[in-house]
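Enquirer: what follows is a predicted structure for the sequence shown.
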Amino acid sequence: MRPRGWVRLAAFAGSAVVASRNQRLRVPTVLVGVAALALLTGCSNSPDSDNLPTRDPATAAVSPTDTPRPAGDVTRLSSPVRALLTEQSTGEIAALDASTDTSTVLFLIDPTTLGHTDPNGVPDAGVRALSLSARGASLSQGKPGELLVAAPNRIFRINITAHSVSEIPFDGDARSVQRRDDGTLLVGTADGKVRTLAADGKVTHTITGLASADALALTEGHVSVLDRRQTSVTEIELGKDDLGLALRAGDGATNMIADHFGRIIVTDSTGGELLVFSAGPLVLRQRFPVNSSPYALAYDQRSDTVWVTCTQSNEVVGFDLSTGIPTEVGRYPTVRQPNSVTIDQRTGDMFVGSAVGDGLQRIRADDRKRGQ
């Protein structure tokens with residue numbers, strides 16, 4: 001059983017961090033990127049994570065109620081929104097209901113009819129609601145025309161065309177799920193396990209040793225895991241029993257996505273920063289102040305822009321990552337409590353969801369180009 005003890009060393013523009021278990025020392029530097037290996041005390045294939053040093057998971061800041069009018073158009077939904085995702089092949093928007101802890105309504109929204117009215121002036125929101133039997137934790141892309149929802153003791157498969165739901169039984173509280181090109185699923189759990197599921201749902205491999213596996217990012221040949229309770233990003237190698245390199249991800253990391261360049265983008269909500277990593281090996285490439293509690297993430301591949309919601313100010317902010325140093329390219333007022341955001345890659349339109357029931361906001365790509 002190999003020990004997993006932490007020696008963290010990170011260097012980035014502005015300062016370097018040398019952190020031991022009991023202290024942190026900041027040293028000025030102009031280096032960008034090299035970073036940290038991490039070994040946590042304990043064993044990576046330990047059956048539990050009880051002995052890991054952890055913190056309460058960071059969450060979105062509570063948004064102010066007195067804010068400017070949201071940019072673009074807002075469509076009312078019957079429930080607050082926990083998570084948003086655009087299905088790649090159809091462009092339909094999926095929105096997870098945030099109003100209950102025991103079940104979930106999944107809204108499927110056709111953006112081509114969103115906000116239209118019929119000949120009698122009755123709004124046609126283009127919204128269809130599906131009932132799920134458990135609380136959905138996250139949304140991800142399945143095979144073309146399919147969405148995956150991680151939930152306690154099951155993975156929901158949503159057929160977008162048929163508007164139907166099926167389940168994969170799962171032993172554990174699933175927090176995150178990603179589909180690989182070979183059809184297998186990777187599932188992260190609330191107790192820090194990452195399991196590989198065959199196409200029939202059978203568990204074929206399990207990696208333990210994290211406190212929680214809250215988000216998964218797939219890049220070419222690599223899998224990275226966000227652990228909110230340790231505010232860290234860890235690289236894992238499929239087929240091996242041990243965790244790979246790990247890096248501290250700010251002071252309170254909350255969300256993570258990957259883009260088509262293989263970058264891993266993380267929001268540090270507590271520290272008010274945007275973090276950009278690469279995998280193989282895991283390296284911190286960019287660290288940029290955002291402030292106002294950055295939370296949800298979406299990537300517009302047409303413009304190489306990452307959009308970040310700021311829940312402390314009810315804004316969404318865009319950063320161009322193409323030059324190696326994030327450059328702000330847009331900032332728009334949002335619906336209150338913007339805990340979710342997604343981009344329709346076919347049109348570039350951006351959708352922001354309110355976690356307090358203020359609706360679904362659409363900011364069109366053409367409006368963003370005009371600076372509206």
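Expert: Nice, thanks for sending it over. Just so we're clear, the structure is a prediction, and the values are computed from it rather than from any experiment.
Enquirer: then residue 357 would be within a helix, right?
Expert: No. Counting by DSSP: H, G, I helix; E, B strand; the rest coil, residue 357 is not part of a helix but coil.
Enquirer: count of neighbours near it?
Expert: Using other CB atoms under 10 Å, residue 357 is surrounded by 16 other residues. For glycine as for every other residue, the C-beta is placed from the backbone atoms N, C-alpha and C.
Enquirer: can you tell me how far it sits from residue 348?
Expert: 27 Å (CB to CB, to the nearest Å).
Enquirer: okay, now the unreliable bits of this protein?
Expert: Applying pLDDT under 70 to the chain flags residues 1-50, 115-125, 370-372.
Enquirer: and the closest residue to residue 67 other than its chain neighbours, how many neighbours does it have?
Expert: Among residues not flanking residue 67 along the chain, residue 314 sits closest, at 4.3 Å (CB to CB, 6 or more residues apart in numbering). Residues lying near residue 314 (other CB under 10 Å) number 25.
Enquirer: could I get the buried residue list for the helix or strand hosting residue 284?
Expert: Element membership for residue 284, per DSSP states H and E: strand 283-289. If you call a residue buried by 16 or more other CB atoms under 10 Å, then strand 283-289 has these buried ones: 283, 284, 285, 286, 287, 288.
Enquirer: what about the strands in the stretch 251-372 of the chain?
Expert: 253-258, 264-268, 273-278, 283-289, 294-300, 305-310, 315-320, 327-333, 338-343, 350-354, 360-363 (DSSP state E, counting those that start in this stretch).
Enquirer: got JSON lines for those strands, with distance to residue 155 too?
Expert: Output for the strands of the stretch 251-372 of the chain, formatted as JSON lines (distance: least, CB to CB, whole Å):
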{"stretch": "strand 253-258", "distance to residue 155": "19"}
{"stretch": "strand 264-268", "distance to residue 155": "23"}
{"stretch": "strand 273-278", "distance to residue 155": "26"}
{"stretch": "strand 283-289", "distance to residue 155": "31"}
{"stretch": "strand 294-300", "distance to residue 155": "22"}
{"stretch": "strand 305-310", "distance to residue 155": "26"}
{"stretch": "strand 315-320", "distance to residue 155": "29"}
{"stretch": "strand 327-333", "distance to residue 155": "34"}
{"stretch": "strand 338-343", "distance to residue 155": "20"}
{"stretch": "strand 350-354", "distance to residue 155": "22"}
{"stretch": "strand 360-363", "distance to residue 155": "25"}
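Enquirer: those: which one's closest to residue 145?
Expert: strand 338-343 (16.8 Å; CB to CB).
Enquirer: just give me how far that closest one sits from the chain centre.
Expert: Averaging C-alpha positions (CA atoms, centre = their mean, to the nearest Å) puts strand 338-343 10 Å from its chain's average.
Enquirer: next: stretch 203-220.
Expert: 14 Å.
Enquirer: okay, it in PDB with CA atoms only?
Expert: What follows is stretch 203-220, C-alpha atoms only, in PDB (Å, rounded to 0.1, in the frame of the first residue of the first chain):
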ATOM      1  CA  VAL A 203     -18.700  -1.600 -12.400                       C
ATOM      2  CA  THR A 204     -15.300  -2.600 -13.900                       C
ATOM      3  CA  HIS A 205     -12.900  -0.500 -11.900                       C
ATOM      4  CA  THR A 206     -12.900   1.700  -8.800                       C
ATOM      5  CA  ILE A 207     -10.300   4.300  -7.600                       C
ATOM      6  CA  THR A 208     -10.600   5.600  -4.000                       C
ATOM      7  CA  GLY A 209      -8.700   8.100  -1.900                       C
ATOM      8  CA  LEU A 210     -10.400  11.400  -2.500                       C
ATOM      9  CA  ALA A 211     -12.700  13.100  -0.100                       C
ATOM     10  CA  SER A 212     -15.300  13.700  -2.800                       C
ATOM     11  CA  ALA A 213     -15.400  13.500  -6.600                       C
ATOM     12  CA  ASP A 214     -17.600  16.400  -7.500                       C
ATOM     13  CA  ALA A 215     -16.700  17.000 -11.200                       C
ATOM     14  CA  LEU A 216     -14.800  15.100 -13.800                       C
ATOM     15  CA  ALA A 217     -13.000  16.500 -16.800                       C
ATOM     16  CA  LEU A 218     -11.900  14.300 -19.800                       C
ATOM     17  CA  THR A 219      -9.000  15.500 -21.900                       C
ATOM     18  CA  GLU A 220      -7.000  13.500 -24.500                       C
END
